[in-house]
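fold the following.
(one chain, ligands or ions: 1)
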Amino acid sequence: MEYKVIAIDGPAGAGKSTIAKLVAERINYTYIDSGAMYRALTLKILDSNIDLGDTDAIVEISEKVDIDFENKSIYLDGEAVDKQIREERINKNVSTVAAIPEVRKNIVALQRKISYGKNVIMDGRDVGTVIFPNAFLKFFITASLEERARRRYLEILSTGKTADLQDIKSQIEQRDYVDTHRADSPLIQADDAILIDTLGQSIEEGVQELMKYIRLHGGFVDAL
Ligand code: DC
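This is a model prediction of the structure:
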């Protein structure tokens, strides 16, 4: 049997992971969050008190790190770290770690290994350009900076916390900058990726748009 990969790339906060998870459930594919792997690595680096300027030490950790997914949780060295990888200190530092070419080489190898022998939907920044250039279907999901910041702001408020919209906007802007300007595997839309703009779109509308293309290209299983 030939396994399929659906690649979803795009900037932070565009709705990639929410849409990807729902599509994966509906077509019975395994969802893999490639950004979560850079986040788990960043968590390990920060908890090991390694200086973010110490590239050699960071690369060394990336060679040996044990990151895996099980039952929709991400495990770092055998421990579930779903909550920790979403902390502010990770948001602030993950782009720096992900910009190191040797780190990317090691994590990309891990991302391919984890996907082996499965039908996979993976989201990130370089899934369709670098990790799986031969993916069967590629999407580039985006929305304006204002819209992405607004969504993140509302998400934080919904948890009962306070937030500053301008702060969030400049943080996302900064991550966008690092992700799109790094020398190795910058965030770009693959030539053969389908562009989806989620501005003004509900989550379900986004899911339906992807499903339409997946059906069209025959990437479905019996459930469809
Ligand atoms: O999708 P996310 O916000 O959880 O990603 C966290 C960081 O990891 C993001 O700033 C860029 C990096 N990343 C990457 O370089 N390549 C990927 N395939 C996924 C994420």
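
was I right to think residue 8 contacts residue 141?
Yes. Under the criterion of CB atoms under 8 Å, residue 8 is in contact with residue 141, at a separation of 5.9 Å. Using the backbone N, CA and C atoms, a C-beta is placed for each residue, glycine as well.

quick one: which of these two has more around it?
residue 8 (29 against 26; other CB atoms under 10 Å).

residue 109: how many residues sit nearby?
The burial metric for residue 109, expressed as a neighbour count using other CB under 10 Å, is 13.

that one belongs to a strand?
No. Applying DSSP: H, G, I helix; E, B strand; the rest coil, one finds residue 109 to be helix, outside a strand.

what is the helix with the most length in the chain packed up against?
Looking only at the chain and at elements set by DSSP state H, the helix with the highest residue count is helix 165-181. The criterion is 3 or more CB pairs under 8 Å, 6 or more residues apart in numbering; DSSP states H and E, and the helices and strands that helix 165-181 contacts are helix 88-98, helix 145-158.

about what we covered before: now the common contact residues for residue 8 and residue 141.
Shared contacts of residue 8 and residue 141, defined by CB atoms under 8 Å, 6 or more residues apart in numbering, are found at 16, 19.

could you check the longest helix of the chain against the ligand for contacts?
Yes. Figure legend: helix 165-181 in contact with the ligand (CB under 6 Å from any ligand atom); contacting residues 175, 179.

what's the model's confidence in the helix or strand that that helix is followed by, averaged?
Beyond helix 165-181 on the C-terminal side, the first helix or strand identified by DSSP states H and E is strand 194-197. This predicted structure assigns strand 194-197 an average pLDDT of 96.

same check, this time on stretch 19-33
So the average pLDDT for stretch 19-33 ends up being 96.

quick revisit: C-alpha coordinates for the longest helix of the chain, CSV please?
Taking only C-alpha atoms (Å, rounded to 0.1, in the frame of the first residue of the first chain), the coordinates of helix 165-181 have been written out as CSV:
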residue,chain,number,x,y,z
LEU,A,165,-3.6,43.0,21.3
GLN,A,166,-0.6,45.2,20.2
ASP,A,167,1.8,43.0,22.1
ILE,A,168,0.5,39.9,20.5
LYS,A,169,0.6,41.5,17.1
SER,A,170,4.2,42.5,17.4
GLN,A,171,5.2,39.1,18.7
ILE,A,172,3.5,37.3,15.7
GLU,A,173,5.1,39.8,13.4
GLN,A,174,8.5,39.1,14.8
ARG,A,175,8.0,35.3,14.5
ASP,A,176,6.8,35.8,10.9
TYR,A,177,10.0,37.8,10.2
VAL,A,178,12.3,35.2,11.6
ASP,A,179,10.5,32.3,9.9
THR,A,180,10.4,34.0,6.5
HIS,A,181,13.9,35.5,6.5
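
that's all I had, so thanks and see you.
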